[in-house]
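*Asks:* could you look at this predicted model? Sequence included:
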Amino acid sequence: MNTRTQAAAGRAARSSSIREMVLLSLFTAIVILMACTPIGLIDLPLIKATLLHVPVIIGAILLGPKQGAFLGAVFGLTSLVKNTMVPGVLSFAFSPLIPVPGTQSGSLWALFISLVPRMLIGPVAWGVYTLLTKLLGRKAWGRTVSAAAAAVVGALVVNTGLVMGAIGLLFRDAYAAANGIPVEGVTAAIMGVVAANGVPEAIAAAVLVPAVVLPLQRAVKR
């Protein structure tokens, strides 16, 4: 009986591992596919808006913080490639191959901005979701609220907030020069971008993430 139980547990563990690898591969493909379409990285006058954080947050909630960090790294790499291949006004802040305004070379800080905040999206969203489901319970309404809150924090606070905050901190003068504004006006301009881009992205994530997460949770359990 012991042997049979151990064998069954081993098969269950292998099945779970395979399922997780399949899901991780699927979400990785979705991130890359979205990055190759206008819906993934939307070219705007000042910055490239994005919905790539949505599959990152969904993947993190379903698979865990490590997998979420991996998906965020894929997001960051696609952003780096897109900003290098199709540069915009702020591409110098996302690709070290784009010269910083006023200089002849790029900055390695662009790698930090492109990768680190995106890698934090998944773990932070997972943490918010896990904490709230413990407080609200795992009924459908509790998981819906938890997923929506995790989506807002991941999209607005981590993705938009950390990215724009890092740009304001590390590239303040370059941001002012690129946009033709005084240095004193950089903070207000960044807050404007957060409001104009970050808030709609967060609202979209708050709608999409629960709508996808809850059915997938049921499907994965089956």
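*Replies:* Structure's in. What do you need?

*Asks:* number of nearby residues for Ala196?
*Replies:* 14 (other CB atoms under 10 Å). C-betas here are computed from N, CA, C, even on glycine.

*Asks:* list the contacts for it?
*Replies:* Listed by CB atoms under 8 Å, 6 or more residues apart in numbering, the contact set of Ala196 is empty.

*Asks:* A strand includes it, no?
*Replies:* No. Counting by DSSP: H, G, I helix; E, B strand; the rest coil, Ala196 is not found in a strand; it is helix.

*Asks:* check it and give its pLDDT.
*Replies:* pLDDT recorded at Ala196 is 85.

*Asks:* now do it against Ile190, distance only.
*Replies:* 11 Å (CB to CB, to the nearest Å).

*Asks:* would you map the strands across this structure?
*Replies:* Counting by DSSP state E, the chain has strands at residues 41-43, 48-50.

*Asks:* can you pull the contacts of the spatially most central residue of the chain?
*Replies:* Nearest to the mean C-alpha position of the chain, counting by CA atoms, centre = their mean, stands His53 at 3.2 Å. His53 makes contact with 75, 118, 121, 154-155, 159, 201, 205 under the criterion CB under 8 Å, 6+ apart.

*Asks:* could you dump the residues you listed into a markdown table with distance to Val86 and neighbour count added?
*Replies:* Supplementary listing: the contacts of His53 in a markdown table, determined by distance: CB to CB, whole Å; neighbours: other CB atoms under 10 Å:
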| residue | distance to Val86 | neighbour count |
| --- | --- | --- |
| Phe75 | 16 | 30 |
| Arg118 | 18 | 28 |
| Ile121 | 22 | 30 |
| Gly154 | 25 | 34 |
| Ala155 | 23 | 29 |
| Asn159 | 20 | 29 |
| Glu201 | 20 | 24 |
| Ala205 | 24 | 28 |
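
*Asks:* considering these, which is situated nearest to Ala140?
*Replies:* Of all the contacts of His53, Ala205 has the smallest distance to Ala140: 19.0 Å, by CB to CB.

*Asks:* would you mind confirming that the closest one is in contact with Val158?
*Replies:* No. Using CB atoms under 8 Å, Ala205 is not in contact with Val158; the gap is 11.0 Å.

*Asks:* just to revisit the earlier point, can you flag the weakest of the strands of the chain by average pLDDT?
*Replies:* strand 41-43 - the lowest mean pLDDT of these, at a mean of 59.

*Asks:* which pLDDT value belongs to Arg19?
*Replies:* Reading off the model, Arg19 has pLDDT 83.

*Asks:* an error on my part: the question was meant for Ile39.
*Replies:* Ile39 is given a pLDDT of 72.

*Asks:* who are the contact partners of it?
*Replies:* Taking CB under 8 Å, 6+ apart as the test, what Ile39 contacts is Leu51.
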